[in-house]
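Novice: Here's a sequence, model it:
(one chain, ligands or ions: 2)
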Amino acid sequence: MGGMTNVTVLGAGAWGTGFGRVVADAGNDVTMWAIEPEIVADIRENHQNSYRLPAAGTLPANMTATGDRAEAVKNAEIIVVAIAAQFARVALQEFKDLIPASAIVVSLMKGVEKNTGKRMDEVVREALDLPASRFVAVSGPNLSKQVALRQPTGAVVASENDDAAQAVADACRTDYFYPVTSNDVVGVEMAGSLKNVTALAVGMSHGAGNGENTAGVIMMMGLNELTRLGEAAGAQAETFQGLAGFGDLVATCSSPLSRNYTFGFNLGKGMSIEEATAASDGVAEGVATTAAVLELAGRLGVSMPLAEAMNHVLKDGYSFQQMFAALMNAQGE
Ligand SMILES: NC(=O)C1=CN([C@@H]2O[C@H](COP(=O)(O)OP(=O)(O)OC[C@H]3O[C@@H](n4cnc5c(N)ncnc54)[C@H](OP(=O)(O)O)[C@@H]3O)[C@@H](O)[C@H]2O)C=CC1
Ligand SMILES: O=C(CO)COP(=O)(O)O
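Specialist: Ligands and ions are numbered 1, 2, ... in the order given. Coordinates of the predicted model:
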């Protein structure tokens, strides 16, 4: 590709906007697509996204927006998808006949689809009828508000196609965002989605008044079980110890800026699921992912005590004490 690239981001949420700004900072022309006219107008006219990522402040001049699907993608060389995971399939179907035949499609999403148990690489490829050679996943310790402040971080850019991964890494490399390439798409997808379940549990523990000892137990169990499930699904074990695994788990489980951590924190404080949902500043993917992961684990014959215990919280109203006891009992089995 080389030089300046035309990049379109579908979904001007917190991370779509944050990653779009990284790509613009890297010198590329960026078009954001959003459903809401007020977000499109805010980016186009006021050069900001005060609805979803005010922390980014003024957006650069090489970043614009449109609400028109065909216009959004017609010249795109790279199309980045940053839509809440449970809505990705339905939203992408509208773009199926519009995207250029050679465009690379990147997923930033960290979730597993409810009902199907499918990863976002599977959902995106099915919805767009896209070959694996044109699909790339980007994941890492990337809390959007910290990226918006240009605090240094890294990310894994994964594809079966080395050239596609390299093109996307080149498009998002800046002096504060450091991509590394990988060919473990399954591992990167699984790590990014599953650590959200751990973040819900760690947040819940802190919300219930516990400190780092308890968090350490939960993080250890989360990393173990996401590695086991990932390996059973065909991922490489080392991916889970890298940026997209351990790195993102630590960031997400340690920060009140994480919607997953905060959702869990609010449950731990005693809020209901409905209250925590209403209080959330954007989508907490781990909530829908928890049940989806168990479905996948059942199919692959992997035991996931943490996901099971969190599912009891979300479905049966378990308190933190009940959740942690279930986890410890399962460990002794
Ligand atoms: N925020 C973060 O720090 C990070 C987030 N991610 C991942 O990125 C993905 C997006 O998250 P983020 O941007 O933060 O979430 P937000 O909640 O801020 O935004 C969600 C986006 O999805 C869009 N959306 C929801 N439903 C639909 C629909 N039916 N059709 C079209 N668009 C829809 C929203 O549009 P609308 O405005 O209409 O609601 C919005 O653009 C998630 O999978 C998340 O796990 C990954 C790394 C970091
Ligand atoms: O993926 C994340 C950070 O890398 C998690 O952020 P959220 O919990 O806010 O979605």
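Novice: What residues does the chain have near ligand 2?
Specialist: Residues of the chain that fall close to ligand 2, judged by C-beta under 6 Å from any ligand atom: 110, 141-143, 196, 199, 248, 251-252, 258-260, 285. All C-beta atoms are positioned from the backbone trio N, CA, C, and that covers glycine.
Novice: try 5 Å this time
Specialist: Within reach of ligand 2 by C-beta under 5 Å from any ligand atom, the chain has these residues: 142-143, 248, 252, 258-260.
Novice: Let's see the PyMOL selection covering just the buried ones among those residues.
Specialist: Buried residues within these, by 16 or more other C-beta atoms under 10 Å, are selected in PyMOL with:
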select buried, resi 142+143+248+252+258+259+260
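Novice: Filter the residues of the chain next to ligand 2 down to the ones in strands?
Specialist: Applying DSSP state E to the residues of the chain next to ligand 2, no entry is found in strands.
Novice: Now intersect the residues of the chain next to ligand 2 with the helices, please.
Specialist: 248, 252, 259-260 (DSSP state H).
Novice: Show me which of these is closest to residue 43.
Specialist: Residue 43 has its nearest neighbour among those in residue 259, at 21.5 Å by C-beta to C-beta.
Novice: Leaving aside the residues adjacent along the chain, what's closest to that closest one?
Specialist: Using C-beta to C-beta, 6 or more residues apart in numbering and skipping the chain neighbours, the partner closest in space to residue 259 is residue 284 (4.4 Å).
Novice: do the same with residue 124
Specialist: According to C-beta to C-beta, 6+ apart, the nearest residue to residue 124 is residue 107 (5.3 Å).
Novice: Need the per-residue pLDDT for that neighbour.
Specialist: If you check residue 107, the pLDDT there is 98.
Novice: What is the distance between stretch 129-146 and the centre of its chain?
Specialist: Averaged C-alpha coordinates place stretch 129-146 at 8 Å from its chain's average position (C-alpha atoms, centre = their mean, to the nearest Å).
Novice: picking up where we left off before, pretty sure the residue nearest to residue 259 sits in a helix.
Specialist: No - assigned with DSSP: H, G, I helix; E, B strand; the rest coil, residue 284 falls outside any helix and is coil.
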